[in-house]
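> Sequence and computational prediction follow.
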Amino acid sequence: MVELIKKLYHMIMWLPLYRKFGYFHWSSYIIKPMRLIGAKRIKVGKNVSILNNARMECVPVSNDQKSEILIGDGTSIEQNVHIIAGNRLVIEKNVTISAFVYIADTGHSLDNMEVDVMKQPLEIKKTRIKEGAFIGIGARIMPGVTIGKHAVIGANSVVTKDVGDYTMVAGVPAKVLKVYDRETKEWIKE
């Protein structure tokens, strides 16, 4: 009963914030976001927790291409996480995203180095984090990467390539350390 009262109190206090989102399930919560851009295109599922100083941006790429961020049920996002979408960035259900993580599906082109990088056009690539993945503290998930189901990303890793299901990676750039064998229920070193 106490938990229900706490949830209701939180919902009432933050109702103006929740209305900014495209969808925000009543069982989820966000604590003092730092920056929300395009919040109407951010959809948050059930039982999601987003801790303080989250920065979520749906950047306008063009009039005909709308960006969106989809956060699945049961996902936990720790403090100071930055998520930026230029297309459709999907975080599936029960994902754990530790503090200080950066996730993007867009970056600036480097085609013309006579022009400032920030003035160059955006390159959009599909980025997806599948069900049950764990993203370690300070990791960077770069544009165009798919993180597999129940994958583990080591702390401070920079992920530039797809990570398979049940795979553990770490490093800069991230490399495969182990793969979980579901039959033997053991991690196998690569």
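Great, that's in hand.

> Quick check: which ranges of this structure have low pLDDT?
1, 4, 6-17, 61-65 (pLDDT under 70).

> What is the subsequent helix or strand relative to the longest strand anywhere in it?
Using DSSP state E, we find that the single longest strand of the chain is strand 175-181. Next along the chain after strand 175-181, taking DSSP states H and E as the criterion, comes strand 186-189.

> re the thing from before, buried residues in the longest strand of the chain, which are they?
176, 178-180 (16 or more other CB atoms under 10 Å). Where C-beta positions appear, they are placed from N, C-alpha and C, glycine not excepted.

> Show me what it packs onto, helices and strands only.
strand 167-170, strand 186-189 (3 or more CB pairs under 8 Å, 6 or more residues apart in numbering; DSSP states H and E).

> List the strands paired with the host helix or strand of residue 70, with their directions.
For residue 70, the enclosing helix or strand under DSSP H and E is strand 68-71. Partner strands and pairing direction for strand 68-71 (DSSP bridges) are strand 42-44 (parallel), strand 88-91 (parallel).

> now these as JSON lines including distance to residue 188?
Written out in JSON lines, the entries for the strands paired with strand 68-71 read as follows (distance: least, CB to CB, whole Å):
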{"stretch": "strand 42-44", "distance to residue 188": "36"}
{"stretch": "strand 88-91", "distance to residue 188": "27"}
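
> Of all those, which one comes closest to residue 125?
Within the strands paired with strand 68-71, the stretch nearest residue 125 is strand 88-91; the backing value is 10.2 Å (CB to CB).
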